[in-house]
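Chemist: With the input below, show me the fold.
(4 chains)
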Amino acid sequence: MTQPNAAILDVQAISISFGGLKAVTDFSLSLPPGALQGLIGPNGAGKTTVFNLLTGVYTPQTGEILLAGERLNGQKPNRIAASGLARTFQNIRLFGDLTVLDNVRVACHVRAETGFAAAILRTRAHYGEEAAIRERAHRLLEIFGLSHRATDLARNLPYGDQRRLEIARALATGPKVLLLDEPAAGMNPQEKMALADLIAFVRREFGLTILLIEHDMGLVMRICERITVIDHGVTIARGTPAEIQADPAVIEAYLGAPDPPDASAEGP
Amino acid sequence: MTKLLQTLFDGVAVGSLYALIALGYTMVYGILQFSNFAHSDIFMTGAWIAYVVSAAAGWAVIGGDTPPLYSGLVALLASMAFCGLLGFGIERLAYRPLRKAPRLNVLITAIGISLFLENIGQRKELFGTQPQKMPQLLPDTTLFTVADVNFRIVDLTVIAVALVLMGVLQWLVFRTRLGRAMRAVSYNIPVASLMGINVDRVISITFVIGSTLAAAAGFLYVMKYPGALKQPADSTWILLGLKCFVAAVIGGIGNVRGAMLGGVLIGLMEMFGAAYLSPHMRDIYVFSLLIIVLLVRPAGLLGKATVEKV
Amino acid sequence: MLSARASALRPGLAWVLPRAVGPLVAGVVVAFLLQLVVVPILGPFYEKLMMDIGINCLLAVSLNLVNGFTGQFSIGHAGFMAVGGYVAGAVTYYGSFVLWGSAAVHGGFLGGGDLLFLLGCVVGGLFAAGAGYLVGLPSLRLRGDYLAIVTLGFGEILRVLLQQTGDVIFVPAQIEQASAFTLATSLGGALGFSGIPFYTTVFWVYVMLGLLLVVAYRLKESSEGRAFLSIRENEIAAEAMGIDTTKYKVRAFVLAAFFAGIAGALFAHETGTTLNPRELGFQKSFDIVIMVVLGGMGSISGALLAAGLLTILPELLREFSDWRLVVYAVTLIVMMRVRPQGLFGIREIWELGRPRRGAQEKRP
Amino acid sequence: MRSDARPLGYFTALLSTLTLALGPTLLGGCDKMRGGGGGGEPEKGKAPESASGASSAKPADPAGDTILIGEFGSLTGSEATFGQSTHNGIMLAIEEVNAAGGVRNKKIAVKTYDDQGKSQEAGTVVTRLITEDKVVAILGEVASSLSIAGGRVAQQYGVPMISPSSTNPQVTQIGDMIFRVCFIDPYQGFVVAKFARENLKLGNVAVLYDQAQAYSKGLKDDFIKSFKEMGGAVPSEQAYTGGDQDFSAQLTTIKGTNPDAIFLPGYYTDVGNVALQARKLGLTATLLGGDGWDSSKLTEIGGPAIEGAYYSNHYSHEEQRPEVQTFVKKYQAKYNQVPDGLAALGYDSARLLFEAMGKAPSLGGKELAAALAATKDFKGVTGVISIDADRNAKKPAVVLQIKGGKPAYAATIAPN
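Modeler: Here you go, the predicted structure:
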């Protein structure tokens, strides 16, 4: 199923260290078009750092990131977003004092073509584009069940809605690849189920490729086709959900190292 | 050569004074991440209180007897005590209710307090609109001369007091329970309060310390420049405060040693600029240095760049 | 996909034109009526007060583009005002000598003098915008208070430089012989640039204000403007959504500087003002910041109202001149405590009544 | 000072201005505007205002039993001390003239506004004095930049203005409505130069001036010009910026040139400080200054450091002329302090105005200005004043020397 050469997102051995601390070491990943993969690991394993590297918040010290053949290393986050890589944030970063609708509309801006002059002069192109943006934003809100909240301030939304709004906003940038950072965090089981369906739906609907960080193993195992596991910035396993569940290195990483055999057992 | 050394010494003396004021800015910033623009007015108040106390004690009579030796200490302690209270009151009444407000609001409040202190100080019931002559409470003579450079008692006192206070502060922040609490508060207020630290108290104490330092600086300032006790609303005070704030920023605001470094740097720069370039462009030197430092090292010389956690 | 839809949804010219041009025409008409009808009723003192209010509104609303829209903190706005004022003043003052041999007001409404003045305003605005670009591009990498102190430093450097300029030349023969450089550096120094003809009228002030309001409001209600707002809300998220934050910050800075320059130009030509470097320092910048914060960051109407109130308040208090500044200071402190979000928060006046659903669900 | 329903009047008017500024409610605002600004209760003694605005706000003799004059000055802010002295002098003159029956059988009333030492405020308050309070003449300011700001307004509306103590030549160049009762900087520069060259026989005089003060800069230029013409040399010219507190660099440079004297054309607030630091550095040269030194605070601050220094001034309270002695006595009785030059000038400016008012055929701006321009040999406290063709006061200057902590009369230098 994996065809590395046709990958839409191809990450080759990226690393970064802060001070002396190696946060991510030789991380590689290959996402074929339309894939839905998971990235898991214990707390502090460096999952979000990987996302930050991919989206240009940090610049990798080694390695390559290719999005549909375009090299992303060293690009600023906004360029990367324009190239078609969108993300959500683990600690929600909505535009709190803007309305729900405006949150999504801001993200549409990256695909807008009319500029400053058109906005000030109110040209026909400006009105056309504004209408198109509004239309698209409303459609996204509808998909995520947020239409009735369109005029609320984002910070007044309940937690689950905020998570979904983050996804809707990321989708509004028109991405090829979507990075979701713990989209189900803080949700109850029913909400999680609904979210899983939603992710599957938008993936189909928009022809997306998705990489997902998630702590809820149930969710990850249920929807991801392949999973990469990292610990201390090092990739310790990759494979299908079933393979990962059976991998001893993964179990060790999650449960901690098995007790060292005591001295008595260490007999000659 | 003498000129060079003399300028060097003068620069360090003036710089130490700046550093003392800069410490106040840096401490408040370190803990609350806001620029207390009213600090220069506390400094002004400190200088004036020293004068008022001397006048009340009869030491400021023109042509009167030389004030007794202990007079300096009395004036210093009085102005430190008063400004400490003032700092406490300002924090309690004006800043504390704004703890969760945007920083810009706090800044506006600081500007309001600054305006208030200046204009209430101008009232004839308080300090009035006339400049005054500060009596010479410290003996102002040359202690010794090395290579034709005069080391005056006042200048040496300024440097010594600045060094001592800095040392005490360093000890306080890094070696005591209170200091640990302060650092915790500066790192994260909610977490600090969860750890059982009385955040309000720590912040109050920070303000009191900053204000007493400003008062001490105000006292030393009028000792060094007895003719420069200008009226409270004179632009001298604000400009001086601004310069010291710049010093704190150049050194890396929030950093105690940085404030000292920045203060001395600005003092040297001013003195050398005045002595060897053109003296009236001082403000330009100071602000140019600031802009260059910030562009090259956005967090200041000793400041640590903080990366926002994503 | 978006662009295809956009061209499909493009409305007809008959629909667009009135909307595009209408507000501008309305602004000019309002300004004209103010001048023609209101000013004669109120008399010269209120005329001056109206001009002061208008100029302060220009300053506050333009600063709001930076402080309120993009959430960057600039306290050097008076510097841009000074650039605009001095450039425009030099254009009309020395230009009048070159064209008509004296600096007296020349021609009536929209006469030669008015046109020269208008040119001065535009040139002043452009110079200020240029200064905004020069200051903004390197320093907008800095955040929060650091940006503030750099803009403050810029203003102070400018002030000292203006104080170094030579005396204003008022002998026509000398002006004819002087080089452009001499004229550009003869701006009055510490005494101030006096002698600039009084061209500013209520009409011009409110035409410019109308223009700025149209620009600011259209910006706020457009995709372009939402990009500004997103930077204020969360810079990192804005970048991740494809907003070039540096570009938009510089853009806001330049735009704000342009209108501050125009405000400076109007100020320079207002009855009874002398451009004085001392009065265009950081204290003036603080005054403008206070207007923005008091009105509510990002609220255009709030900035207008605050600018108006803060221009009138000292005038009302003039009878109690002794306590005037003390009262002003206390008002500021109390205001920040009682209504920290400013008069209107981030909302416009007409949005105040609109209930925000979901506010009660704040707690998860 | 009238206290009627004014504040309320403003408030409605201004609120409606605001409403207007906000655009959408334009038409609603118009009616209110009419009610607030124009209507209201008519004020006593107020001439109806003609609509055309400029240069028409000249009331004839007011109908009431008082004549209102205006004063603007820095009563608060960093230059407050200047404004307050001047104000004291003016109030004394008004008290006197009213006690003597007033002018044209009417009492004089004054409306005083504070400009905080800001030129923008000066322009505003002068506009308010002229167009709202309808004053017949204006007294003010000390600082030249503020006199210029206010003077341009007064000139525009054709209301005469007398500056008590602005010495920059540009002030009266504004136009035919602007007068002054003090000498001007070129003259003062000449006086100090002449005194230094001829009375003190000095050859080398260094200069230290405040480059941010127009007064200081102008006086420096004029002094240097005159002093060089008289064959003197200026070995060093140093500058500082108001607000600086440390002058050691400049003074060290000056010390290196070993001058006979140092000319300090600044305000007393800085001069005392400079003198202290100069002596500390071992500079023994004589100090020279101008009228900016004139305050009892100078000797208090400078103490022994300023002893023996000379400065030019408008008057000396030790002069034995009867005008001076009566003035000093009255002033001390009222304010319990020795009047400084600014107080004397404020007093003279008011009295000169009253004299012209008495002589003028009417109190219209043109007539009053003509009467002011015709002033000849007016016996003022600060000397015998004649207004010249440029509307400046022609009169001698005195040079004072600080002796025993007090300024003592040293010489009178008359204009050539």
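
Chemist: C:Thr185 against C:Leu162, yeah?
Modeler: No: using Cβ atoms under 8 Å, C:Thr185 makes no contact with C:Leu162, being 10.0 Å away. C-beta: built from backbone N, CA, C; applies to glycine.

Chemist: and these two? which has more neighbours close in?
Modeler: Each of C:Thr185 and C:Leu162 has its neighbours counted (other Cβ atoms under 10 Å in any protein chain shown); C:Leu162 has more, 25 against 15.

Chemist: Nearest residue to the more buried one in space, please, no chain neighbours.
Modeler: If you skip the residues right next to it in sequence, C:Leu162 has C:Pro277 as its closest partner in space, 3.9 Å away by Cβ to Cβ, 6 or more residues apart in numbering or on different chains.

Chemist: For that neighbour, grab the count of nearby residues.
Modeler: C:Pro277 is flanked by 24 other residues according to other Cβ under 10 Å.

Chemist: same check, this time on C:Pro11
Modeler: 13.

Chemist: Over to the one 4 residues further on?
Modeler: By the measure other Cβ under 10 Å, the count of residues near C:Trp15 is 12.

Chemist: In which helix or strand does it reside?
Modeler: helix C:13-33 (DSSP states H and E).

Chemist: Give the next helix or strand downstream of that helix.
Modeler: helix C:39-42.

Chemist: sorry, back to before: tell me the mean pLDDT for the helix holding C:Trp15?
Modeler: When pLDDT is averaged over helix C:13-33, the result is 88.

Chemist: buried residues in it?
Modeler: Buried residues in helix C:13-33, defined by neighbour count with 16 or more other Cβ atoms under 10 Å in any protein chain shown: C:Val16, C:Ala20, C:Pro23, C:Leu24, C:Gly27, C:Val30, C:Ala31, C:Leu33.

Chemist: Looks like the second one contacts A:Arg122 (just checking).
Modeler: Yes: judged on Cβ under 8 Å, C:Ala20 makes contact with A:Arg122 at a distance of 4.0 Å.

Chemist: Show me what the top helix by length along chain B packs onto, helices and strands only.
Modeler: For chain B, the longest helix by residue count, based on DSSP state H, is helix B:2-32. Using 3 or more Cβ pairs under 8 Å, 6 or more residues apart in numbering or on different chains; DSSP states H and E as the contact criterion, the secondary-structure elements in contact with helix B:2-32 are helix B:39-56, strand B:149-152, helix B:153-175, helix B:177-187, helix B:199-224, helix B:235-251, helix B:256-276, helix D:248-256.

Chemist: The second one - contacts with which helices or strands?
Modeler: Judged by 3+ Cβ pairs under 8 Å, 6+ apart, strand B:149-152 is in contact with helix B:2-32, strand B:142-146.

Chemist: Go through these and pick out the most buried.
Modeler: Taking mean count of other Cβ atoms under 10 Å in any protein chain shown as the contact definition, the stretch among those with the greatest mean neighbour count is helix B:2-32, which reaches a mean of 24.

Chemist: tell me which helix or strand of chain D sits lowest on mean pLDDT?
Modeler: Comparing helices and strands within chain D by mean pLDDT, DSSP states H and E singles out helix D:26-33 as the least confident, with a mean of 32.

Chemist: Let me see the contact set for whichever residue of the stretch 101-250 of chain C sits closest to chain D.
Modeler: Minimum separation of the stretch 101-250 of chain C from chain D (Cβ to the nearest Cβ) falls at C:Leu191, amounting to 3.3 Å. When the contact criterion is Cβ atoms under 8 Å, 6 or more residues apart in numbering or on different chains, the partners of C:Leu191 are C:Asp167, C:Asn276, D:Ser144, D:Ser145, D:Ile148, D:Asn168, D:Gln170, D:Ala214, D:Lys217, D:Gly218.

Chemist: filter those residues down to the ones near chain A?
Modeler: Among the contacts of C:Leu191, not one lies near chain A by Cβ under 8 Å from any Cβ of the partner chain.

Chemist: Out of those residues, which sit inside helices?
Modeler: Mapping the contacts of C:Leu191 onto helices (DSSP H) picks out D:Ser144, D:Ser145, D:Ile148, D:Gln170, D:Ala214, D:Lys217, D:Gly218.

Chemist: Which one of those is nearest to chain B?
Modeler: Closest to chain B out of the ones in helices among the contacts of C:Leu191 is D:Lys217 (10.6 Å), distances taken as Cβ to the nearest Cβ.

Chemist: before we move on, back to that, most neighbours among the contacts of C:Leu191, please name it.
Modeler: For the contacts of C:Leu191, the largest number of neighbours (other Cβ under 10 Å) sits with D:Ile148, at 30 neighbours.

Chemist: which residues touch the residue nearest to that one when sequence neighbours are not counted?
Modeler: By the measure of Cβ to Cβ, 6+ apart, the closest residue to D:Ile148 outside its immediate chain neighbours is C:Ser194, 4.7 Å from it. Applying Cβ under 8 Å, 6+ apart to C:Ser194 gives the contacts C:Val168, C:Gly188, C:Thr274, C:Leu275, D:Ser145, D:Ile148, D:Ala149, D:Arg152, D:Gln170.

Chemist: Near the closest residue to the fifth one other than its chain neighbours, how many residues? Count them for me, please.
Modeler: To tie it back to what came earlier, the one meant is D:Ser145. Spatial nearest neighbour of D:Ser145, excluding adjacent residues (Cβ to Cβ, 6+ apart): C:Gly192 at 4.7 Å. Neighbourhood size, C:Gly192 [other Cβ under 10 Å]: 28.

Chemist: can you tell me how far C:Gly192 sits from C:Leu275?
Modeler: Using Cβ to Cβ, to the nearest Å, we find C:Gly192 at a distance of 6 Å from C:Leu275.

Chemist: how near is the residue of the stretch 1-150 of chain A found nearest chain D to A:Phe116?
Modeler: Minimum separation of the stretch 1-150 of chain A from chain D (Cβ to the nearest Cβ) falls at A:Arg122, amounting to 17.4 Å. Between A:Arg122 and A:Phe116 the distance, using Cβ to Cβ, works out to 12 Å.

Chemist: got a list of what the nearest residue to D:Met230 once chain neighbours are set aside touches?
Modeler: For D:Met230, the nearest residue in space outside its immediate sequence neighbours is D:Arg197; the separation is 4.4 Å by Cβ to Cβ, 6+ apart. When contacts are counted by Cβ under 8 Å, 6+ apart, D:Arg197 is found next to D:Phe227, D:Met230, D:Gly231, D:Gly232.
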